[in-house]
Structure formats: C-alpha cells, structure tokens
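J.: The following comprises the amino acid sequence and a computationally predicted model.
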Amino acid sequence: ATTKTSIGNFDFENCFMNAAGVYCYDRNELEQLINSQAGTFVTKTATLQPRPGNPEPRYHDTALGSINSMGLPNLGFDYYLDYLLELQKTHPHRTFFFSLVGMSTEDTHALLKKVQESDFKGITELNLSCPNVPGKPQIAYDLETTEKLLADIFSYFKKPLGVKLPPYFDIVHFDQAATVFNKFPLTFINCINSIGNGLVIEDESVVIKPKNGFGGIGGEYIKPTALANVHAFYQRLNPSIKIIGTGGVLTGQDAFEHILCGASMVQIGTTLHKEGPVAFERITNELKDIMDKKGYKTIEDFRGKLKYL
Ligand code: RRO
C-alpha cells in the first residue's frame, strides 16, 4: 500500500506530518523532520516579531497525553520565511507549510501580505485557535470575527491558504462554522488544535506554570473530539476544501480512523513530542499493515468512507 496524498495541487509522498508547535521551532528541528518519513512539515506558528512565550514549565506529558501553555514562542516571521525560501532551492520538488498568526488583526494582515509579496510557493496555515495567550481568545470561536477576517484576507491573498481550527462541541456550531468556511476558497481546514484550557493535577498541584496550570490538552484524551470535528466538516464542506486531521494519533489505527472520517493528511503532535521523528516510520508502517490486510492500495480507497449503523 502507499500512504501518498495530495492537498490542493500539491502531492506528498506520505500523509503524515508534524502538528504545528511540535518539532518545528528552529532549523535544527525542521531539518530532522525533512530527514524523517514525514511527508512534509509545518513551522511553529510565527508572529511578526519573535516571542519568548510563557514562563516554564509550560509543557507536561501525562500517561494519556499532554498539556501545554507555550504562549506562542517563536523566532519570528523572517526566520521561518528565510528558511522556507532556502528549502525551495534545495528541495524544489517538495512543499512545506508555513503557520502564521498576528498578535492583532492588523499584524495578521501584515504577515499575510508579506507572504503574498514573497516568493514563497508553499501552503500557508493561519492559526485561528491558539488557546494560550492571556487576553487573546481563540479566534475561530467567534465566527463573526472569523468571517470578516477571511473576507478581508481573500481580497488580497491569492496563494494556497488553510486554517487551523479549535474543536467545536455542538452540532449547531459545526453548521455555523462550515457555512462560514464554505464562502471562501480555502485549500484546507485543520481539525483540531489542542482542547483549550484543561487542567492537569499531580500531587495536589498543577503541572505547568502559566495561567495557574490551565493549558491546551493533546494526545489520547482528544481523539474522539478530533474525529468528530474531522467528520462533521467532511460532511459539510465543499469537497475542494481538504481536511487535515490532528488529535490523538498514537498508532496507525488512529490515523486510519482520521482518514475514514475524511482526513487527507494526518498530523502528529503529542506522540511526536514523546517519541521523536522515528514515530513517523512506526505509524506509517502500522497504517500500511492495516491497509494491506484490508486490501486498500491508497488512502483514497477508504477516505471519508466511515460506515453508519
Ligand atoms: O504556543 C502555544 O501555546 C500553542 C499554540 Br500557538 C497553539 O496553537 N496550540 C497550542 O496548543 N499551543
């Protein structure tokens, strides 16, 4: 079996990649992803200026997943764009993802205008779902703001663009969000970011410092929510908007389920943080074994074909 895939007009040798925030802070980490089995990478979400992020400890692994309140630490837009432009010369046949968001609406437009004016030929992922910057709500929970933002963006942005979404938890919210996204020429949506503002306790204490321990939850805890979001949008979106499935992928079986729900690409966050880039080889082999047993030759043979009772 092959796990190759495509998003928009771009082909990828493997449907697995990192989730933004994990293994993508600097050139050293990104280079390890390039040299792994991953089909591509996405950068740490970049802001206009570099940011140190929240005080440490700000990431903690648990038996069933992780909690983080990183606070958008990143090396700044120029650092990641310079590297991506360099990779276009050294790896001309590969496509990489550039994750971005501004600390304000004005910054977001400034960032996207810089991408539009640059030679960047890859795919841009606009992060509408960071749960960890004090005083800044997850943008995509406000659909009126999101619709206006996307309308303004698509007036000047003509390159491939997708959005990283927070989990939604109500059928009416799936309906309302899909109605907004269907108005725009999005290349993809990515479901889901961490489940925002959970609380992990060990030994009578919180485990991370920022926000008195509140942080985004990832890993095994979140797979059912991630699958529901992938499938809810798969049922509702125009088929030209591809879906990236993220959340709770520990094994090839988890990835198989994301693809059954409609995902064209599968991202790995908490498991990549725990295991390192060798996770891509293990999970890819596990998915191929499942496909071989079932007689599926490509992921298109079962993508979106979830069975109902
Ligand atoms: O940096 C973070 O705290 C962070 C971000 Br921007 C995000 O989108 N999701 C997350 O879990 N952490």
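T.: Noted; the coordinates are in hand.
J.: I'd like to know how many residues surround residue 259.
T.: 28 (other CB atoms under 10 Å). Where you see a C-beta, it was placed from the backbone N, CA and C, and this is true even at glycine.
J.: Dump the host helix or strand of it to PDB, keeping only the CA atoms.
T.: Assessed by DSSP states H and E, residue 259 sits inside helix 252-260. In PDB, the C-alpha atoms belonging to helix 252-260 read as follows (Å, rounded to 0.1, in the frame of the first residue of the first chain):
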ATOM      1  CA  GLY A 252      -1.600   3.500  12.600                       C
ATOM      2  CA  GLN A 253      -5.200   2.600  13.700                       C
ATOM      3  CA  ASP A 254      -5.800   6.200  14.900                       C
ATOM      4  CA  ALA A 255      -4.600   7.500  11.600                       C
ATOM      5  CA  PHE A 256      -6.800   5.000   9.700                       C
ATOM      6  CA  GLU A 257      -9.800   6.400  11.700                       C
ATOM      7  CA  HIS A 258      -8.900  10.000  10.900                       C
ATOM      8  CA  ILE A 259      -8.800   9.100   7.200                       C
ATOM      9  CA  LEU A 260     -12.100   7.200   7.400                       C
END
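J.: after it, next one along is what?
T.: Downstream of helix 252-260, the first helix or strand assigned by DSSP H and E is strand 265-268.
J.: Just after that following strand, pick out the following helix or strand.
T.: The element immediately downstream of strand 265-268 (helix or strand, assigned by DSSP H and E) is helix 270-275.
J.: how far is that following helix from where the chain is centred?
T.: The chain centroid and the centroid of helix 270-275 are separated by 15 Å under CA atoms, centre = their mean, to the nearest Å.
J.: Going along the chain, name the helices of the protein.
T.: Using DSSP state H, the helices of the chain run over residues 27-34, 77-90, 105-117, 143-154, 171-181, 223-236, 252-260, 270-275, 278-294.
J.: Now do the buried residues in the fourth one.
T.: Within helix 143-154, the residues that qualify as buried are 143, 146, 147, 149, 150, 153, counting by 16 or more other CB atoms under 10 Å.
J.: returning to what we had before: need the helices of the chain in CSV (columns: mean pLDDT and distance to residue 60).
T.: Below are these laid out as CSV (pLDDT from 0 to 100; distance: least, CB to CB, whole Å):
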stretch, mean pLDDT, distance to residue 60
helix 27-34, 98, 19
helix 77-90, 98, 26
helix 105-117, 98, 29
helix 143-154, 98, 30
helix 171-181, 98, 29
helix 223-236, 99, 19
helix 252-260, 99, 21
helix 270-275, 98, 11
helix 278-294, 99, 19
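J.: nearest residue to residue 131 other than its sequence neighbours?
T.: Spatial nearest neighbour of residue 131, excluding adjacent residues (CB to CB, 6 or more residues apart in numbering): residue 196 at 3.1 Å.
J.: And for residue 49?
T.: residue 76 (5.6 Å).
J.: for residue 41, same thing?
T.: Distances taken as CB to CB, 6+ apart put residue 33 closest to residue 41, at 4.1 Å, once the chain neighbours are dropped.
J.: That neighbour: how many residues sit nearby?
T.: Residue 33 has 22 neighbours, counted by other CB under 10 Å.
J.: And for residue 11?
T.: Applying other CB under 10 Å, we find 13 residues neighbouring residue 11.
J.: check contacts around the residue nearest to it when sequence neighbours are not counted.
T.: Sequence neighbours aside, residue 4 is the residue nearest to residue 11 in space, at 6.8 Å (criterion: CB to CB, 6+ apart). If a contact means CB atoms under 8 Å, 6 or more residues apart in numbering, then residue 4 has 11, 12, 13, 14, 15, 39, 298, 299 as its contacts.
J.: mind redoing it with 10 Å?
T.: For residue 4, the contacting residues are 11, 12, 13, 14, 15, 39, 298, 299, 300, by CB atoms under 10 Å, 6 or more residues apart in numbering.
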